[in-house]
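> The amino acid sequence is not available; the structure is as follows:
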């Protein structure tokens, strides 16, 4: 969840600078146009990891439910692709639906994914378009997703996002996060307990926070400062950097050194973090640890940080998701990699892609068990899951309660040789499942409910 939120700082910085990122992806191409499912009999295995018969043929009948016919189910995929040019959520939609449709679809109905481009600031418009024709929102996410929650609830549109970013959206009604929601709780309690008490106890009273000067990260900075104190630490240094970017990170590096910061929380874009780490390395200063966050988890940060990785100790929590580096030992992760090679060769499998796959699997398995495909049935089936693993993509999560903080977590470390599992003493496979619960004392807002828009679950059909 945090990955999208922190990523928004990068986008906001670009917005303020009056330019945009570039890639070869065409934001106007819907995932539905990219997918080319095979016609006729099933040609793919219907199993995914430990999940059996996720997709398959059937004899679906006509339906009056929005987005559903006797042959197809149309779902929306939220994405900021028109602004970020990042296609990972549409890519995941293409790969999953191509595989599922090749296996026979959901009881014979083909899934038709349509990219709903929120273009950073156009979340409401994208949600309103989805409200007109989609059965549900699946496997996507927008950095400023709270902007569209009230409209989504007014039209009773269920959501199974890959990630949720803002306080008003995380744990909102008719939304089921496959990784768990737990609004009001610090979701990194296990990770920070390990950093502050187990791995680097001398750093506990010397924690620093640097965040982008934007509303979303200012709130996060306050949350982290409270949680660090609540877990027995202390933030001794805090600073902001201009969202438009920094030409010279040396003054920030010198401040970190002069304050004796031993643990650094960076809430911003990983390109800026890489420059800061280069500046720290140039002045010969190495904190005990740096929380690079999951936004940095990928090859791009490694390339940008370069030789600084030999000196600086970067970590990131992937919540309860198995890291890509464990694919050889984790069949579900390897299956995602293999499906991308088949259906989207050349496209990158990322952490958000893994989260998206878990969301798609939750939707598909919930829909296939409906004798009559309705929003009520799919939503009810999803929240019955008390130990959801996405077929092995993540540690078990109880989706029947949105207010239960996660117990399991995975920590990875960036090294000069690449990302690897950190030495955080996992207890079950690649997971450690002893995270304490820390509930915020301050009021940072709350998720939007059906009651807030004059609706209730009884209105859902």
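Sure thing, it's come through. Bear in mind the structure is a predicted one, so any value in this text is a computation, not a measurement. Numbering: from 1, shown residues only.

> Pull the residues that contact stretch 426-436.
Residues from elsewhere that reach stretch 426-436 (C-beta atoms under 8 Å, 6 or more residues apart in numbering): 189-191, 193-194, 231, 320, 322-323, 326, 330, 395, 405-411, 421, 424-425. Heads up, the C-betas are built off the backbone N, CA and C, glycines and all.

> Now do it: distance from first to last residue.
From its first residue to its last, stretch 426-436 covers 15 Å (C-alpha to C-alpha, to the nearest Å).

> mind starting the numbering at 283 from now?
Happy to do that; since the first residue is 283 now, the last one works out to stretch 708-718.

> so where do the strands sit in the stretch 533-682 of the chain?
Taking DSSP state E, counting those that start in this stretch as the test, the strands found in the stretch 533-682 of the chain are 545-549, 571-573, 596-599.

> circling back: restricted to strands, list the contacts of stretch 708-718.
Among the contacts of stretch 708-718, the members found in strands (DSSP state E) are 693, 703.

> Filter the contacts of stretch 708-718 down to just the buried residues.
Burial by neighbour count, judged by 16 or more other C-beta atoms under 10 Å, picks out 471-473, 475-476, 513, 602, 604-605, 608, 612, 677, 687-693, 703, 706 from the contacts of stretch 708-718.

> Take the strands of the stretch 533-682 of the chain and lay them out in TSV including mean neighbour count and distance to residue 453.
Below are the strands of the stretch 533-682 of the chain laid out as TSV (neighbours: other C-beta atoms under 10 Å; distance: least, C-beta to C-beta, whole Å):
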stretch	mean neighbour count	distance to residue 453
strand 545-549	26	21
strand 571-573	24	23
strand 596-599	25	19
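
> for these, which one sits closest to residue 346?
Across the strands of the stretch 533-682 of the chain, the minimum distance to residue 346, taken as C-beta to C-beta, is reached by strand 596-599, at 44.4 Å.

> what packs against that closest one?
Applying 3 or more C-beta pairs under 8 Å, 6 or more residues apart in numbering; DSSP states H and E, one finds that strand 596-599 contacts helix 471-475, strand 571-573, strand 693-697.

> does the spatially most central residue of the chain sit in a helix, a strand or a coil?
A centroid search over the chain (C-alpha atoms, centre = their mean) returns residue 445, at 3.5 Å, as the residue closest to the centre. Counting by DSSP: H, G, I helix; E, B strand; the rest coil, the backbone at residue 445 sits in coil.

> any idea of the pLDDT on the residue nearest to it when sequence neighbours are not counted?
The shortest distance from residue 445 to any non-neighbouring residue, by C-beta to C-beta, 6 or more residues apart in numbering, is to residue 423 (4.2 Å). Predicted confidence (pLDDT) at residue 423: the value is 97.

> got the residue ranges for the helices in this protein?
Ranges of helices in the chain, per DSSP state H, are 284-299, 313-316, 363-366, 370-384, 405-415, 431-436, 471-475, 497-512, 532-540, 552-564, 581-587, 613-625, 633-650, 657-664.

> Let's see the pLDDT reported for the residue lying closest to residue 418 once chain neighbours are set aside.
Once flanking residues are discounted, residue 418 sits nearest to residue 440: 4.6 Å by C-beta to C-beta, 6+ apart. If you check residue 440, the pLDDT there is 98.

> that older thread, turn the helices and strands packed on strand 596-599 into JSON lines, including mean pLDDT.
Formatted as JSON lines, the helices and strands packed on strand 596-599 follow (pLDDT from 0 to 100):
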{"stretch": "helix 471-475", "mean pLDDT": "98"}
{"stretch": "strand 571-573", "mean pLDDT": "98"}
{"stretch": "strand 693-697", "mean pLDDT": "98"}
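
> Okay, now the unreliable bits of the stretch 383-532 of the chain?
Within the stretch 383-532 of the chain, no range satisfies pLDDT under 70.

> Per the annotation, how does this protein divide into domains?
By the assignment in automatic domain parsing, the chain contains the domains 284-466+609-685+728-741, 471-604+686-703.

> so how far is the longest one off the chain centroid?
This means domain 284-466+609-685+728-741. 11 Å (C-alpha atoms, centre = their mean, to the nearest Å).

> wait, the residue nearest to the centre of the chain sits on residue 635?
No - look at residue 445 against residue 635 with C-beta atoms under 8 Å: they stay out of range, at 10.9 Å.
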